[in-house]
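Novice: Here you go, sequence then predicted model.
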Amino acid sequence: MTPSAYDPLKIEEEVRAFWDEREIPKKWRAFDQKAERRFTFLEGPPTTNGFPHVGHIRGRTYKDVVLRFWRSRGFSVWAQGGWDMQGLPVELEVEQRQGLKSKKDIEKFGVDKFVQECNKLDDYYLQFWEEWGTKRLGLWLDLENAYQTRKPQYIEYAWRLLKRAHEKGLLAEDYRVLWFCPRCETSLSDHEVDLGYAEREDPSIYVKFRVEGEEDEYLVIWTTTPWTIVDNEAVAVAPDVAYAKVEVSWEGRRERWWMAEKLVPQLMQMFGIREWRVLEIKNGKELAGLRYIHPLAEEVPERATRQHQVYPADFVTLEQGTGLVHVAPGHGPEDFELALKYGIRVTNSVEINGIYNQLGGKYAGMYVFDVDKKVIEDLKAKGLLVYKSSIRHEYPHCWRCGTKLILRADRQWFIRISVLRERMYDELKKVKIYPEKLRYRFDDFVRNARDWNISRSRFWGTPLPIWRCKKDGRILVIGSIEELKRLAKELPPVDDFWLVHRPWIDQVKLSTPDCDEWIREPYVADVWMDSGIAWIAAVDGERNPELWSALYPFSWVTEAIDQTRGWFYSLLATSMVYLGRAPYKSILISGHILDKQGQKMSKSKGNVVWAKDLLSKYGADPTRLYLLTKAAPWEALNFDPDEIKYALSQLNILWNVVKFADTYMQLDGFNAQKHTLPTMIHKALDEDRWLLSETNLLIQRVAKHMENFEIHEAAKAWVDFIVETLSHRYIRLLRRRVWTEEPREDKYAAYAVLFHALRSALIIGGIFVPHVAEYLWQHFIRKYDQNAAESVHLAQYPEPGEVDEELVKSFDELFTVFSIAAEARNKAGIKLRWPISRLIVKGAQMALKHADLLAYLANAKVVEEGECSADWIVHEERGITVCIPRKLDSELFYEALARELVRRVQVMRKEAGLSIEDFIELYIETEAQDLRDAVKHFGQYIANEVRATRLELGVGPSGLYSREWTIEDMRVKIYLKKATR
């Protein structure tokens with residue numbers, strides 16, 4: 001291995017060049033659609049409307065890790081990339097770049113120019129996603145054949161879906177109350193709305209509606225949307241709830257207020273009314289039919305032209321408010337249903353942009369949330385405002401632009417999910433969801449799914465393939481570009497790409513024998529339908545049936561937790577419409593990534609960490625390992641880039657372990673094809689057989705965790721094996737055997753075991769840290785085994801052998817005793833490097849079977865079981881007691897000083913650039929008698945340890961590399977040079 005230290009950026013650059021030269025990713029991705037064992041992955045397509053950030057890197061790391069694992073297990077893996085390239089996310093980015101504020105601005109700018117800018121934006125961001133969101137991360141998705149939702153072939157499948165929905169009676173146009181974004185001027189589906197809930201403060205007001213024919217009698221209602229009072233048409237009450245007419249003293253008058261009897265005391269207290277009495281009690285059914293005067297009759301004269309009254313409604317509760325609910329059928333789904341039931345007028349004076357039209361009377365031309373304040377002012381001026389405060393609650397905002405949404409009645413297109421809901425849930429129950437504890441989120445959403453509003457009043461998206469006959473209003477749904485061209489009266493002079501986009505598709509008028517002119521409905525589809533049909537559109541399934549049938553249903557999909565209401569849902573819904581079954585077998589739900597304070601990352605806060613900055617500074621492998629081990633995939637992760645240093649340190653340890661193995665294997669002429677594990681194992685010592693069992697346990701544990709998508713546990717098990725099992729334990733034990741130049745058979749057995757352990761560790765490590773694993777495979781494994789796989793990523797996952805459970809337990813206890821002995825040394829102030837005469841152990845019978853190893857580890861001359869002397873240092877943990885002498889005798893002190901000298905010389909050898917096999921001449925200059933005695937007593941030991949052919953006390957000749965040191969407050973100067981032999 002050429003580099004002396006691990007440098008992730010240099011290593012990754014070299015490895016990427018190797019992969020490209022040998023076409024390793026292409027070989028890795030080779031898919032056999034007839035293979036018995038297939039693992040098919042469907043990419044949740046990132047939207048190309050911005051740069052990839054650390055949140056994307058986390059999710060894409062999970063994708064890569066899982067694919068690499070199943071590929072190593074011998075499965076034929078489908079790893080196609082995909083890009084979501086249409087919809088509001090892209091439009092909003094273009095609006096910001098072009099300084100456009102509304103749909104009117106877009107129309108002035110030119111719809112054709114606008115969508116072309118959207119397409120250019122996709123291309124711009126796509127290059128960053130391919131480079132920094134994929135290649136630099138080590139994610140081996142097939143980008144050459146990645147699906148793009150903007151392409152005509154892909155869009156055709158949305159058309160096919162809607163044509164099939166129409167044929168099955170599942171496509172419907174209806175007038176309903178829906179959520180709208182007034183800024184984007186479009187309706188939203190339920191799952192889009194669920195993505196945008198955020199806490200906010202809104203007005204909370206109690207208002208009096210005067211009972212018709214009565215001077216001082218009122219219905220008291222509560223609302224958090226004062227602007228909807230403009231379109232009030234009724235008041236609802238719970239049919240079986242008792243309502244009280246309460247006499248109150250209010251602003252110098254005696255008035256009578258209707259409210260739920262149960263709520264009277266708390267409402268009186270809230271309103272600050274001390275004098276009140278109940279005059280009459282009626283249940284909701286009896287109160288129904290009571291008429292009232294619209295509270296804004298003068299401001300909105302159109303409302304005064306008809307009667308308003310109380311109606312019974314099952315949706316009324318006493319959890320909040322007064323028990324009387326203000327009903328605005330144009331602005332609430334339950335209100336709308338009540339209106340349909342009783343024939344109540346549905347008034348909607350708010351346009352799609354949130355501006356009141358002429359039906360809004362005094363408020364015409366005003367924005368809804370400005371009307372909030374004006375309505376409160378007017379109600380107060382009329383003496384109808386009883387109480388005003390504010391409320392903090394969760395309220396939906398636009399999932400893309402963040403604007404507060406409004407409910408309004410409008411005519412839109414729907415897929416009738418309500419018809420499929422039970423079957424959808426039955427299919428969902430067959431799907432494995434990881435973790436199981438989050439299944440309820442998806443289950444609940446599907447069980448309560450409503451019809452899917454699919455029409456959007458926007459521009460850059462899949463156009464709805466619905467044409468309406470100009471003569472009689474019938475509809476025609478087109479299912480392909482071929483059908484479109486066949487029925488078109490004439491086509492705009494553009495290619496197929498632009499033909500299936502606005503505004504060119506709007507110019508296409510169709511003609512059939514029974515209708516001379518069909519005009520297209522001016523909508524694009526919900527962008528979630530785009531990505532939602534990826535299960536068939538990604539591979540053009542109708543034209544490639546054999547490939548598609550080998551992929552569908554897909555083995556696995558994964559995205560963040562909010563996609564239970566987003567992409568996971570749209571995949572399920574579209575597949576149910578098309579084929580009546582779920583399109584996937586398993587789902588991994590991943591958590592969001594937050595900043596180190598636990599705050600959501602956003603551009604406005606300036607706390608977003610971009611993928612390019614992250615990977616350019618730290619490298620892909622350290623970043624991946626940190627993300628994999630920091631938290632479970634489904635948990636929120638507080639990202640602190642400073643913590644990546646821990647992952648870097650762990651990979652440095654891997655590097656040093658391999659470097660250690662390479663150094664001594666090369667010195668001793670190890671050959672993996674000659675010194676095979678089967679031929680050498682009978683010469684192995686206990687510690688070698690222990691490592692073999694630990695390796696087999698690693699193989700088992702990682703496989704088990706990965707099969708259950710416990711990726712964090714798998715990665716941590718691998719790290720623990722590298723850091724603890726190999727570096728801190730086995731290499732510590734092995735050093736004494738490799739340092740001798742004697743060609744002992746047990747040493748070659750140890751090399752065979754270590755080589756096997758490192759081969760297994762690198763294959764498994766390739767799943768988590770693909771670059772450094774590849775580098776070490778090429779420069780270490782293939783150096784000693786020319787028959788090894790061309791790439792670590794083309795090697796098969798190791799098969800686990802037998803585990804000697806008894807041996808594993810005994811070594812666990814051995815290292816526990818060693819740890820306890822180290823604590824005893826700390827108490828005594830005796831360094832681990834310094835030898836002690838005896839180590840007494842109680843309560844560790846299994847460890848004492850390996851007393852010689854324990855003596856070596858604990859640096860003790862003798863290890864035995866027995867009783868501790870009264871003046872010895874004692875330390876106890878986990879039922880094990882360890883005792884050591886309080887002080888060293890003079891002979892042991894000299895040996896301790898000799899070891900201190902050895903450590904300094906080894907540092908100087910490294911600083912002088914000497915290789916491990918180089919011999920040296922060594923001179924030690926000191927006036928400290930203890931150090932001089934240490935050299936005299938242990939000179940041979942020092943010479944052997946540092947490979948000195950000459951060792952003298954005194955000043956070294958001029959020109960030698962020298963350095964001064966202080967050892968136990970004693971000054972010493974050491975000189976050395978490379979010896980010539």
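Specialist: Looks like it arrived, so ask away. Numbering: from 1, shown residues only.

Novice: can you pull out the helices in the stretch 251-400 of the chain?
Specialist: 264-271, 284-287, 333-342, 368-381 (DSSP state H, counting those that start in this stretch).

Novice: where does this structure dip in pLDDT?
Specialist: Applying pLDDT under 70 to the chain flags the ranges 1-2, 981.

Novice: If we use 80, what do you get?
Specialist: The model of the chain has pLDDT under 80 over residues 1-4, 191, 195, 400, 603-604, 740-743, 981.

Novice: In the record's domain split, what are the boundaries for it?
Specialist: Following automatic domain parsing, one gets these domains for the chain: 45-162+529-626, 201-350+370-396, 807-888, 891-978.

Novice: Check these for me and report the most buried one.
Specialist: Of all those, domain 45-162+529-626 has the most neighbours on average by mean count of other Cβ atoms under 10 Å, namely a mean of 20. Quick note: C-beta positions are derived from backbone N, CA and C, even for glycine.

Novice: residues in contact with the closest residue in space to Thr574 that isn't next to it in sequence?
Specialist: Take Thr574 and drop its neighbours on the chain: the residue closest to it by Cβ to Cβ, 6 or more residues apart in numbering is Gly532, 4.5 Å away. With contact set as Cβ atoms under 8 Å, 6 or more residues apart in numbering, Gly532 has these partners: Trp567, Ser570, Leu571, Ala573, Thr574.

Novice: among those, which are in helices?
Specialist: Judged by DSSP state H, the subset of the contacts of Gly532 located in helices is Trp567, Ser570, Leu571, Ala573, Thr574.

Novice: now these as JSON lines including distance to His53?
Specialist: Formatted as JSON lines, those follow (distance: Cβ to Cβ, whole Å):
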{"residue": "Trp567", "distance to His53": "18"}
{"residue": "Ser570", "distance to His53": "23"}
{"residue": "Leu571", "distance to His53": "24"}
{"residue": "Ala573", "distance to His53": "29"}
{"residue": "Thr574", "distance to His53": "28"}
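
Novice: for the residues you listed, which one is nearest Trp739?
Specialist: Nearest to Trp739 among the ones in helices among the contacts of Gly532: Trp567, at 57.9 Å, using Cβ to Cβ.

Novice: pretty sure the closest one is touching Leu42, no?
Specialist: No. The pair Trp567 / Leu42 is not scored as a contact, 9.7 Å apart, by Cβ atoms under 8 Å.

Novice: what touches both of these two?
Specialist: In contact with both Trp567 and Leu42: Val557, using Cβ under 8 Å, 6+ apart.

Novice: so what secondary structure elements neighbour the strand ranked longest in the chain?
Specialist: Ranked by residue count, the top strand of the chain under DSSP state E comes out as strand 197-210. Secondary-structure packing of strand 197-210 (3 or more Cβ pairs under 8 Å, 6 or more residues apart in numbering; DSSP states H and E): strand 217-223, helix 368-381, strand 385-396.

Novice: JSON lines for the ones you listed, including distance to Ile475?
Specialist: JSON lines is the format used below for these (distance: least, Cβ to Cβ, whole Å):
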{"stretch": "strand 217-223", "distance to Ile475": "38"}
{"stretch": "helix 368-381", "distance to Ile475": "32"}
{"stretch": "strand 385-396", "distance to Ile475": "30"}
